[in-house]
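> got a structure for you, letters missing:
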């Protein structure tokens, strides 16, 4: 990962711990589940790559704002928002593993089973929902409590709330796509990419960083547009890693996107090119399990049929559009180089 997205990991991780610590006494007053949850949230949130939080700090730094406690708090809050989304996503997708560890709901299921709770499966899922709810509310409280001008604080909270509500609606489309009797179109899939992942992965953190740095509305809007395009690239690459990479690389079971029949552009392209000719491989999508030999055969077919090439052409087109957006901004050569570095990392990442 590039330096601008790794330099602030410690500061963001410390801020996540600080948010949890500040809420610790209030949580403990409610019941013993509070401290238990905070420990799990800190472990979960700090185990990720912290890309979104890092983008907040990197964007503010891009415009000459030195990182301070408030900026790290915003970054940490966004990582707690990310935790909220992932915790709920794992429940909906029934993914027991996240980042190479047990998903939060799985942790609670195991505790419920060990302590002889009735219906410990449902218990774990219910506790996971509660955990995600607490994570996002802690994030909002942290940003709302920043020692900044009230108008700026309100602007930051409103931006987070508006963008994450769009994620929820996009998630509804993603859930519907997984249950509908027919395939989603490419436009429908890209819409999910844009609003479920893209905007909160790139647009939101960069807008937050720019707002904190006091940038103009035009600059914030341009970064919003640039980030949205980068976010779609991010999800295309994420889907490719989900098919082409191994468990230890992606932190979840290899081929789980195939067995869950996740509606992706890769799946859509494959079925259009190979579905009729290779029905045995097409039937792997949505199957109960997939053997390593079957996954290797599917991967090979993805390459030889032109699926990966088609998606790479789409990525190049998105990057070209993003480059055009940057021309709207009055940036120094150093600032343009910094954004170009993020663009290259995003398109070429292997984890």
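Noted; the coordinates are in hand. Since the model is a prediction, treat every value here as computed from it, not as a measurement.
> now do the helices in the stretch 151-300 of the chain.
Shown for the stretch 151-300 of the chain, the helices assigned by DSSP state H, counting those that start in this stretch span residues 186-192, 204-212, 217-244, 247-250, 256-259, 265-274, 279-282, 292-304.
> the last one vs helix 265-274, what angle?
So that's helix 292-304. 80 degrees (axes from the mean of the first three to the mean of the last three C-alpha atoms, to 10 degrees).
> now helix 292-304: buried residues?
294, 295, 298, 299, 301, 302 (16 or more other C-beta atoms under 10 Å). For glycine as for every other residue, the C-beta is placed from the backbone atoms N, C-alpha and C.
> show me the contact partners of it.
243-244, 254-255, 258, 266, 270, 274, 278, 281, 284, 290, 307-308 (C-beta atoms under 8 Å, 6 or more residues apart in numbering).
> how about 6 Å then?
Residues from elsewhere that reach helix 292-304, judged by C-beta atoms under 6 Å, 6 or more residues apart in numbering: 244, 255, 274, 281, 284, 308.
> quick one, phi psi at the second one?
Yep, that's residue 255 we're talking about. The phi and psi values for residue 255, taken as degrees, to the nearest 10, are phi 80, psi 0.
> dump the residue contacts of it.
So residue 255 contacts 290, 295 (C-beta under 6 Å, 6+ apart).
> and the pLDDT at it?
We note a pLDDT of 85 for residue 255 in this prediction.
> including distance to residue 216, could the contacts of helix 292-304 go into a markdown table?
Below are the contacts of helix 292-304 laid out as a markdown table (distance: C-beta to C-beta, whole Å):
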| residue | distance to residue 216 |
| --- | --- |
| 244 | 41 |
| 255 | 46 |
| 274 | 49 |
| 281 | 51 |
| 284 | 50 |
| 308 | 40 |
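> buried members of the residues you listed into PyMOL, please.
The PyMOL selection below is limited to those of the contacts of helix 292-304 classed as buried (16+ other C-beta under 10 Å):
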select buried, resi 244+255+274+281+284+308
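> just to revisit the earlier point, closest to residue 63 out of the helices of the stretch 151-300 of the chain?
helix 204-212 (6.6 Å; C-beta to C-beta).
> just to revisit the earlier point, closest one of the contacts of helix 292-304 to residue 156?
Nearest member of the contacts of helix 292-304 to residue 156, counting by C-beta to C-beta, is residue 244, at 37.6 Å.
> report the buried residues of the one helix or strand in the chain whose mean pLDDT sits lowest.
Every helix and strand in the chain was compared by mean pLDDT, DSSP states H and E; the lowest is helix 247-250, with a mean of 77. Under the neighbour-count criterion of 16+ other C-beta under 10 Å, helix 247-250 has residue 250 buried.
> neighbouring contacts of stretch 80-90?
44-45, 52, 98, 103-104, 128, 131-132, 135-136, 138-139.
> how near is residue 306 to residue 164?
Distance from residue 306 to residue 164, counting by C-beta to C-beta, to the nearest Å: 37 Å.
> who has more neighbours, those two?
Legend: neighbour count by other C-beta atoms under 10 Å for residue 306 and residue 164, higher for residue 164 (19 against 15).
> show me where this protein has strands.
Using DSSP state E, the strands found in the chain span residues 97-98, 101-102.
> nearest to residue 145, of the ones you listed?
strand 97-98 (28.3 Å).
> contacting residues around the closest one?
90, 252.
> so for it, mean pLDDT?
pLDDT averaged over strand 97-98 gives 90.
> what of stretch 314-321?
97.
> what are the buried residues along that stretch?
Across stretch 314-321, burial judged by 16+ other C-beta under 10 Å covers 314, 315, 318, 319.
> in a markdown table: the residues you listed, plus distance to residue 171.
Shown next, in a markdown table, are the buried residues of stretch 314-321 (distance: C-beta to C-beta, whole Å):
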| residue | distance to residue 171 |
| --- | --- |
| 314 | 23 |
| 315 | 23 |
| 318 | 22 |
| 319 | 26 |
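> going by distance to residue 6, which of these wins?
residue 319 (22.1 Å).
> against residue 325, how distant is that closest one?
From residue 319 to residue 325 the distance is 11 Å (C-beta to C-beta).
> do the same with residue 10
For residue 10, the distance to residue 325 - C-beta to C-beta - is 32 Å.
> between the two, who's got more neighbours?
residue 325 (19 against 12).
> now the closest residue to the more buried one other than its chain neighbours: how far from residue 170?
Nearest-residue entry for residue 325: residue 226, 4.5 Å, with adjacent residues in sequence omitted and distances by C-beta to C-beta, 6 or more residues apart in numbering. Taking C-beta to C-beta as the measure, residue 226 falls 19 Å from residue 170.
> who's more crowded, those two?
Of the pair residue 226 and residue 170, residue 226 is the one with more neighbours under other C-beta under 10 Å, namely 24 against 20.
> highest mean neighbour count out of the helices of the stretch 151-300 of the chain?
helix 204-212 (a mean of 26; mean count of other C-beta atoms under 10 Å).
> distance from the chain centre to that one, please.
The chain centre lies 16 Å from the centre of helix 204-212; the measure is C-alpha atoms, centre = their mean, to the nearest Å.
> check stretch 88-98 too.
13 Å.
> mind listing what's buried in that stretch?
Buried residues in stretch 88-98 (16+ other C-beta under 10 Å): 88, 89, 90, 91, 93, 95, 96, 97, 98.
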